[in-house]
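1. need coordinates for the below:
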Amino acid sequence: MPLTMFGRDGEGEFQILLDRRSALDIGAFVVDGVDISPGTAIPSDGDRRIDHALRGFLFTCGPDHIRHPEPVEGFKDGRRFPLHGSLCGTPVRRTEMSAPDEPLCCLAETEVPLANGGTALVSRRWAISTDESQVLLSDRVTNTGAKPFAPMLMYHVNIGGRMLGDDTYIAGTMFGNERWPWRFGDGESAHFCLPAAPTAIDGWAQVSLGPFEALSGRTLIVRFSTATLPFLQMWRCQRGPADVISIEPVSHRIAKRTDLAAAGEMPMLAPGETVDYTLAFQIR
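-> This is a model prediction of the structure:
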């Protein structure tokens, strides 16, 4: 059974259903009785882990690899990273909900076997803001193995295209004063990745998608710390039965691992060291 957290925005109620089978990612985000995640309207890469995760509202790829498989460095046996890294589909080891008289939050720990033979611990904290309108995620990745690895992380915030209309746009700090149509690019599928310009106030970037026809004109807002998520990737797919768009704060630009390493963009995390990632989202 999923863990459920409840909140309230200015217009109504929402709930998030947390998936214990997959790192406590979000299986559904239900706003006033409407689940805005894509459900079965997704394409398949043939990986059951990803098919399951992509149906939900948020899943995490990493902590050792993002995007499609590439060879694992230092191995001559043809070993490759799994699609979207090792975390997705890993059951949580421990969960803990806050006491009834405390601010609403849920803690989780997931021990992740890495593709290079090492291990990492993902310590996750989901929280609802004190005004009950914003969902906040804090992740800490700890290298619990015996050798270094290069941490990589991407959050996929997935929305069903059926929620959107002709007047739905993408806006944010990285777009300046422009608004982009949600059906960006050409053809049935498209993606882009660009630097996630932070605000001068708190160093966080912000991107919004809306209005949602299915939510009486309200908008989804996603914010994330650019300290460790310095890029925004977005992807959409309207191919066959698939109808999905994804907002994807990410640690690395689109490039091969070898190219990133040569450019000094894949720093190693030594045994015992940690790295933190944070994001937040709300409907308003």
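2. check contacts around the residue nearest to Thr228 when sequence neighbours are not counted.
-> Excluding its sequence neighbours, the residue lying closest to Thr228 (C-beta to C-beta, 6 or more residues apart in numbering) is Tyr277, at 5.1 Å. Where you see a C-beta, it was placed from the backbone N, CA and C, and this is true even at glycine. By C-beta atoms under 8 Å, 6 or more residues apart in numbering, the residues touching Tyr277 are 138-141, 153, 155, 224-225, 228-229, 251.
3. let's go with 6 Å and repeat that
-> 139, 153, 228 (C-beta atoms under 6 Å, 6 or more residues apart in numbering).
4. just give me the closest of these to Gly33.
-> Asp139 (29.1 Å; C-beta to C-beta).
5. quick one on the thing from earlier: in strands only, show me the contacts of Tyr277.
-> Using DSSP state E, Asp139 are the members of these that sit in strands.
6. in JSON lines: the contacts of Tyr277, plus pLDDT.
-> Shown next, in JSON lines, are the contacts of Tyr277 (pLDDT from 0 to 100):
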{"residue": "Asp139", "pLDDT": "98"}
{"residue": "Leu153", "pLDDT": "98"}
{"residue": "Thr228", "pLDDT": "98"}
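7. please tell me how far Gly27 sits from Met5.
-> According to C-beta to C-beta, to the nearest Å, Gly27 stands 12 Å off from Met5.
8. of the two, give the one with the bigger neighbour count.
-> Gly27 (24 against 20; other C-beta atoms under 10 Å).
9. quick revisit: identify, from the contacts of Tyr277, the entry nearest to Ser246.
-> Using C-beta to C-beta, the contacts of Tyr277 come closest to Ser246 at Leu153, 14.9 Å.
10. list the contacts for the closest one?
-> Applying C-beta under 6 Å, 6+ apart, the residues contacting Leu153 are 62-63, 251, 277.
11. ok, and the closest non-adjacent residue to the residue most central in space within the chain?
-> The residue lying closest to the centre of the chain (C-alpha atoms, centre = their mean) is Tyr155, at 1.7 Å. Nearest in space to Tyr155, with sequence neighbours left out and distances taken as C-beta to C-beta, 6+ apart, is Pro249 at 5.1 Å.
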